[in-house]
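>>> got a structure for you, letters missing:
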């Protein structure tokens, strides 16, 4: 009887299983296969014939010596190291603010959430316009400082990175805010009251009660943003296209460029696979640590 | 060491008035229970004493000092929450030391006071256990210890036994009373369980619908309820209340209960009070204060055995009463039971206002 129902269950979920197989397992295997060859869409052969260009692990050893890749990785790490903490602190500050009632809270809430709903490409174009040398950012800075500012935000290698980070922070602080607000709401009210009645001030309460209770949710929020930030692409690509030069070229932009311009797909597959493996290991490690 | 004065206390939440008016003086070292059904305003009163809620009107004084504007952390009030609000991410020791550390006491003082408190509450062996996995009775001791270690002048307990099963509740009632004797603090205890209030409190403040109904010792409240609400609420089962019209024949006053006939004659004091009140009255007597004998007759409708005693539900419709008898008492279901409320136990209330009529 039990056997029967298990069989039925298998048969009923079979279509879904086949779908998952096609969506995730098949492309992965295809990627693994191509990454072991020199195949390119320009080679004039179907990808199934890629074995004729077999090069074993040559692509993987190229990955290790690819200085442009490592520079892109470093840049991605830098963006992550700046954006995620800033988004976290801003989000936490805003969430704490929103725990109290103040006039216009609902409106402020809606406005705050809005950046998250903007299509990344649109956000990219918005910031592209904002950061033009004759654009609103310079205009506002000129008025504030009292003398004309004509910074070339998107063509100066350092400033371009700042502009790109600003856009990312603008767009993703709301997500941090939302997750952390949910965490704050989840801290039992009684515990806060109990701590207050025992004479604890707001800072002491925050450190001893609120933060420990939010550990898990903070971990989740950071993990989401770290992973997302690693994949940063659309907004950035529209703003700078990875430039000037390679000044804002992140991992995703680099992969995109060699995939669409250089068309060396065997190598692209190898890079993507290495990143996937490294990220997966990092994620599993982080999740295990969080579970402790 | 502190008295508590509540003066004309009112609390409104928007259009809803949780506490209509409250005047109460609690003596230093006294154990007062705020007793009432849920929604009667007892927890609101407690929260205002603690400073968690701000009164809409009126004053709260601790030992003569007005508490308006004193934040809850500075009132010197120990508060035990209904769910104990234990910091479950800490150990027992960290819980006990929380208040002392938060107020930056020196480490050796913290260690000493926490140690003493742990010994007093028999928590010494559990000090380094995480608070998360402890049983309810230990959590309760931690909650009390966490507040008591601050040596507050006033201790507030918000239904601390409502999460505990019946057997533990009996143990903890005794335990709490003993703790109060040890600490000698002014204690305010919120509960909806009259047994808890009766057994522990020096005085009980009965509340209903945001109004203080009666304040008195447990026996005063049981024996002389100030109004119909208290009469019904206190006692298990509550007082029997039958509506009737006073009749006077040959100088002897009794109450005509309609279909149930006349009650036994009232005492001269009761008669005087009834005469002064004029109009319909409520004739009240406790189910456990009756004797068998000719006086009143009501049919036995339903029998409830509660172990030590037997409760008989008498009558039907509007004229119902309950009588508590010994288990071996003879009766027949469906037949009339003849009984007589003890003359000294009869209480009379004004039918219109519900207020007790007291003979002077």
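Thanks, I have the structure now. Values in this document were obtained by computation on a predicted structure and should not be read as measured data.

>>> contacting residues around the residue nearest to residue B:130 when sequence neighbours are not counted?
Nearest in space to residue B:130, with sequence neighbours left out and distances taken as CB to CB, 6 or more residues apart in numbering or on different chains, is residue B:91 at 5.6 Å. Placement of C-beta: from N, CA and C, glycine included. Counting by CB atoms under 8 Å, 6 or more residues apart in numbering or on different chains, residue B:91 touches B:127-131.

>>> What are the phi and psi values at residue B:91?
When quoted as degrees, to the nearest 10, the phi and psi of residue B:91 stand at phi -80, psi 170.

>>> distance of the residue nearest the centre of chain A from chain B?
With distances taken as CA atoms, centre = their mean, residue A:228 lies nearest the centre of chain A, 1.6 Å away. For residue A:228, the distance to chain B (CB to the nearest CB, to the nearest Å) stands at 29 Å.

>>> and the helix or strand bottoming out on mean pLDDT in chain A, what other elements does it pack with?
The helix or strand of chain A with the poorest confidence is helix A:58-65; it has a mean of 82 (mean pLDDT, DSSP states H and E). On a contact count with 3 or more CB pairs under 8 Å, 6 or more residues apart in numbering or on different chains; DSSP states H and E, helix A:58-65 meets helix A:265-291.

>>> So which of the contacts of residue B:91 are in helices?
Using DSSP state H, no member of these sits in helices.

>>> Please pick the buried ones from those.
By neighbour count, with 16 or more other CB atoms under 10 Å in any protein chain shown, the contacts of residue B:91 hold B:127, B:131 as buried.

>>> Residue A:34: which of the contacts of residue B:91 is nearest?
residue B:130 (52.0 Å; CB to CB).

>>> just to revisit the earlier point, in terms of pLDDT, where does the residue nearest to residue B:130 sit?
Here the pLDDT value assigned to residue B:91 is 91.

>>> The closest residue to residue B:43 other than its chain neighbours bridge partners, please.
Leaving aside its sequence neighbours, residue B:43 sits nearest to residue B:190 (CB to CB, 6+ apart; 5.7 Å). Legend: beta-bridge partners of residue B:190 under DSSP bridges are residue B:34, residue B:158.

>>> who touches residue B:190 in this structure?
Taking CB under 8 Å, 6+ apart, one finds B:33-34, B:42-43, B:45-46, B:156-159 in contact with residue B:190.

>>> Pull the residues that contact the helix or strand hosting residue B:46.
Applying DSSP states H and E as the criterion places residue B:46 in helix B:42-50. Residues outside helix B:42-50 that contact it (CB under 8 Å, 6+ apart): A:197, B:4, B:6, B:9, B:11, B:18-19, B:22, B:34-36, B:53-55, B:60, B:72, B:75, B:77, B:79, B:154, B:156, B:158-159, B:188, B:190-192, B:207, B:210.

>>> and it, what's its mean pLDDT?
Per-residue scores along helix B:42-50 average to 91.

>>> now swap in stretch B:189-205 and tell me
For stretch B:189-205, the mean per-residue pLDDT is 91.

>>> quick one: low-confidence ranges for the chain?
In the absence of a named chain, this looks at chain A. Chain A contains residues with pLDDT under 70 at A:1-2, A:291-292.

>>> meant chain B, my bad for not saying
Using pLDDT under 70, chain B drops low at B:1, B:359-360.

>>> Domains in it, by residue range?
As recorded under automatic domain parsing, the domains making up chain B are B:4-223, B:238-357.

>>> Show me the one of the ones you listed that comes nearest residue B:232.
With CB to CB as the criterion, residue B:232 lies closest to domain B:238-357 of the domains of chain B, at 4.3 Å.

>>> What's the end-to-end length of that closest one?
Domain B:238-357 has an end-to-end distance of 18 Å (CA to CA, to the nearest Å).

>>> next one: that domain to chain centre, how far?
Computed by CA atoms, centre = their mean, to the nearest Å, the chain-centroid distance of domain B:238-357 equals 25 Å.

>>> do stretch B:131-148 as well
Between the mean C-alpha location of stretch B:131-148 and the chain-wide mean there is a distance of 24 Å, by CA atoms, centre = their mean.

>>> Show me what counts as buried in it.
Those would be B:131, B:134, B:138-148, for stretch B:131-148 by 16+ other CB under 10 Å.

>>> picking that back up, and of the contacts of residue B:91, the nearest to residue B:268?
For the contacts of residue B:91, with residue B:268 as the reference and CB to CB as the criterion, the closest is residue B:131, at 62.7 Å.

>>> how far away is that closest one from residue B:99?
Separation of residue B:131 from residue B:99 (CB to CB, to the nearest Å) stands at 15 Å.

>>> now do residue B:116
For residue B:116, the distance to residue B:99 equals 14 Å [CB to CB].

>>> next one: residue B:221
Distance from residue B:221 to residue B:99, counting by CB to CB: 35 Å.

>>> repeat for residue A:17
From residue A:17 across to residue B:99, the span is 57 Å (CB to CB).

>>> Of these two, which one has the most company?
In this view residue A:17 and residue B:99 are compared by other CB atoms under 10 Å in any protein chain shown, and residue B:99 has more residues nearby, 27 against 10.

>>> Ignoring the adjacent residues along the chain, who's closest to the more buried one?
Using CB to CB, 6+ apart and skipping residues adjacent in sequence, the residue nearest residue B:99 is residue A:198, 3.4 Å away.

>>> residues in the stretch 151-292 of chain A within reach of chain B, list them.
A:188, A:190-191, A:193-201, A:204, A:208-209, A:212-213 (CB under 8 Å from any CB of the partner chain).

>>> Buried members of those residues into PyMOL, please.
PyMOL command restricting these to the buried ones, with burial defined by 16+ other CB under 10 Å:
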select buried, chain A and resi 190+191+193+194+195+196+197+198+199+200+204+208+209+213
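
>>> Looking at the residues of the stretch 151-292 of chain A next to chain B, which are in helices?
Applying DSSP H to these, the entries found in helices are A:190-191, A:193-197, A:204, A:212-213.

>>> Grab the two from these that are most spread out in space.
The widest separation within those (CB to CB) is 18.8 Å, between A:197 and A:212.

>>> Now intersect the contacts of helix B:42-50 with the helices, please.
Per DSSP H, the subset of the contacts of helix B:42-50 in helices is residue A:197.

>>> Stretch B:299-319: which residues count as buried?
Buried residues in stretch B:299-319, counting neighbours by 16+ other CB under 10 Å, are found at B:300-301, B:310-315.
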